[in-house]
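Visitor: sequence and predicted structure below; questions after.
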Amino acid sequence: METKVYEIDPKAIDEAQLEASAQVLRSGGTVAFPTETVYGLGANALDEKAVKKIFEAKGRPSDNPLIVHISKLNELDALVEEIPPNAKKVMERFWPGPITIILKRTDKIPDVITAGLDTVAIRMPSHPIANKLIEMAGVPVAAPSANLSGKPSPTKAEHVIHDLKGKVDVIISGGNCDVGLESTVVDMTGNIPMILRPGGVTKEHLEEIFEKVEVDKAIEEGNQALTPKSPGMKYTHYSPQAEVIILEGDMESVVKAIHKLQEEKEAQGLRVGIMCTDETKKLYKNGVVISMGSRKDLATIANHLFAVLRQFDAAGVDIIYAEGVEQKLLGHAVMNRMIKAAGYHVVKVGR
């Protein structure tokens, strides 16, 4: 398949190129495009044949539901049975933005989108290219992350081109994504909001408008035996080619443990990657050392996380030792993705 790549400036959108991409969506094709979270791979959510092309291009299991993207609130009416008052509160506060809402679906949504569930995940992206593309297409757009299934999600156009060129019709190159982690997913079908996937909109943000917010036990550390309910969380995700091991504890103990493990692996002739932070980078003298960002600004770590995992792939490391971050605020979402990338291999260290 020949893939067309359009470079579009989100601050000065070329509507002719965007219209060409919208036409591909209307005609049953696939388009990868930037959002504020990660790049998405889109198809007409109401066209079952088109949606199946997403699964084929990504190698994604068909029992893994997809998120449906809209550009305006009135597009919801045909997709969901009702909008509960609590769901309206979330929309008013956080849409457009990096949060996906689970609602009861209508029969207009094909089963291939929901894996046969009676609910559908809906998001309204704030990224100017994503929102305008959906508006111009005139159809809701189903879109998981635009990467090969199981690999780190793409936050740059080059990641999408690496994974999907020749597998999709169009790739829109629109710069780097701002958030860097997939959207928060919150189930609003019950009386109490339940977070099914942490993201840029945190539990603390939701607690500003709700007295109580629950978290799906399956996404908590140590509960990998449970099956997550959210789209994109059921299978191993975000994994680079090398094994990832996370070390958690006070920073002095973590750095000491990584040094020891690094020496052992290098003695065996292995190439070691160290996934650290700005505050500790100078403490590592050997190996492939890459900082995720600053512990003082977790948004930088969220933004760089997936790109750093891909950098380790490019460096050809055999094993990656990663510093854990504190699981507060955005740290919950960061650690959720890191733990999935590590296949739940977390080592606790301390004095």
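Guide: Sure thing, it's come through.

Visitor: now do stretch 314-327, average pLDDT.
Guide: Averaging pLDDT along stretch 314-327 yields 95.

Visitor: going by neighbour count, list what's buried in it.
Guide: 317-325, 327 (16 or more other Cβ atoms under 10 Å). Yep, even glycine has a C-beta here, placed from its N, CA and C like the rest.

Visitor: please apply the same query to stretch 296-316.
Guide: Of all the residues in stretch 296-316, those buried under the rule 16+ other Cβ under 10 Å are 298-313.

Visitor: got it, and stretch 35-54?
Guide: Buried, per 16+ other Cβ under 10 Å, within stretch 35-54: 35-47, 50-51, 53-54.

Visitor: now the helices: where do they sit in this structure?
Guide: Ranges of helices in the chain, per DSSP state H, are 15-26, 48-58, 85-94, 111-114, 128-137, 157-164, 203-206, 251-267, 298-315, 331-341.

Visitor: of all those, which one is nearest R105?
Guide: Smallest distance to R105 across those (Cβ to Cβ): 6.2 Å, for helix 111-114.

Visitor: need the contact partners of the closest one.
Guide: With contacts defined as Cβ atoms under 8 Å, 6 or more residues apart in numbering, helix 111-114 is touched by 45, 48, 51-52, 55, 62, 65-66, 68, 105, 120, 142.

Visitor: make TSV out of the residues you listed and add pLDDT and distance to N131.
Guide: Listed next are the contacts of helix 111-114 as TSV, based on pLDDT from 0 to 100; distance: Cβ to Cβ, whole Å:
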residue	pLDDT	distance to N131
A45	97	15
E48	95	25
V51	97	20
K52	95	25
F55	94	25
S62	78	28
P65	92	22
L66	96	18
V68	98	14
R105	96	22
V120	97	19
A142	98	16
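
Visitor: just curious, which of those is nearest to K340?
Guide: K340 lies nearest to P65 out of those, by Cβ to Cβ, at 16.9 Å.

Visitor: right, and the closest one touches A121 too?
Guide: Yes. Contact criterion Cβ atoms under 8 Å: P65 and A121 qualify, at 6.4 Å.

Visitor: roughly how far apart are L309 and I99?
Guide: 24 Å (Cβ to Cβ, to the nearest Å).

Visitor: please apply the same query to K72.
Guide: Distance from K72 to I99, by Cβ to Cβ: 16 Å.

Visitor: that older thread, which of P65 and A121 has more residues huddled nearby?
Guide: More crowded of P65 and A121, by other Cβ atoms under 10 Å: A121, with 27 against 24.

Visitor: and that one, what pLDDT?
Guide: Per-residue confidence (pLDDT) for A121: 97.

Visitor: how many neighbours does the closest residue in space to it that isn't next to it in sequence have?
Guide: With Cβ to Cβ, 6 or more residues apart in numbering as the measure, I67 is the residue that lies nearest to A121, at 4.4 Å, once sequence neighbours are left out. Neighbour count for I67, taken as other Cβ under 10 Å: 26.

Visitor: for I67, give me its contacts.
Guide: The contact partners of I67, taken as Cβ under 8 Å, 6+ apart, are 100, 121-123, 142-144, 183, 185, 231-232.
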